[in-house]
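Peer 1: Mind folding the following:
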Amino acid sequence: MKAAEVNKKWSTLQREIASLFDMEKPDIKVCLFLIGVQELGKGPQSFSKRQKEELMHIATCRLFSSMGFYNLKGLDEEGWPHWELVKPIPNYTLLEQELIMKSLIIDYFEELNVI
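Peer 2: Residues are numbered from 1 along each chain as shown. Next comes the predicted model:
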């Protein structure tokens, strides 16, 4: 997707999520948290600050797995997914990182038919 298309779809996704959760427009971190909760598969609950960071990491690994950078190793005894890096992620510029993350998040939510 071109940057203009990504940004247009990103705005649409932000509006949809804001409407679904009755919240302000979410940023990338909020979207990563939501994806992490979805991937954990245990539904809404209270999470510690450390668990929230782990959820965002799970989301990042899940998103980058679609580009072949991570593979799911399996679940630990508490049911949390663990990923392994299978090839190094290139050193993207900050703008490239943001565009890639937005694009991957859009693709993820499109697969769930949110947008």
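
Peer 1: quick one: the strands in the protein?
Peer 2: 70-75, 81-85 (DSSP state E).

Peer 1: Can you tell me which of these is nearest to Leu20?
Peer 2: Nearest to Leu20, of all those, is strand 81-85, at 23.4 Å by Cβ to Cβ. Any C-beta I mention is one placed from the backbone N, CA and C, and that applies to glycine too.

Peer 1: From Leu34, how far off is the residue of the chain most remote from its centre?
Peer 2: Of all residues in the chain, Glu77 has its C-alpha farthest from the mean position, at 23.0 Å, by Cα atoms, centre = their mean. Look at Glu77 and Leu34: by Cβ to Cβ, to the nearest Å, they are 25 Å apart.

Peer 1: swap in Leu72?
Peer 2: 19 Å.

Peer 1: Show me which of these two is the more surrounded one.
Peer 2: Leu34 (21 against 14; other Cβ atoms under 10 Å).

Peer 1: Quick check, that one in contact with Pro26.
Peer 2: Yes. The pair Leu34 / Pro26 is scored as a contact, 7.4 Å apart, by Cβ atoms under 8 Å.
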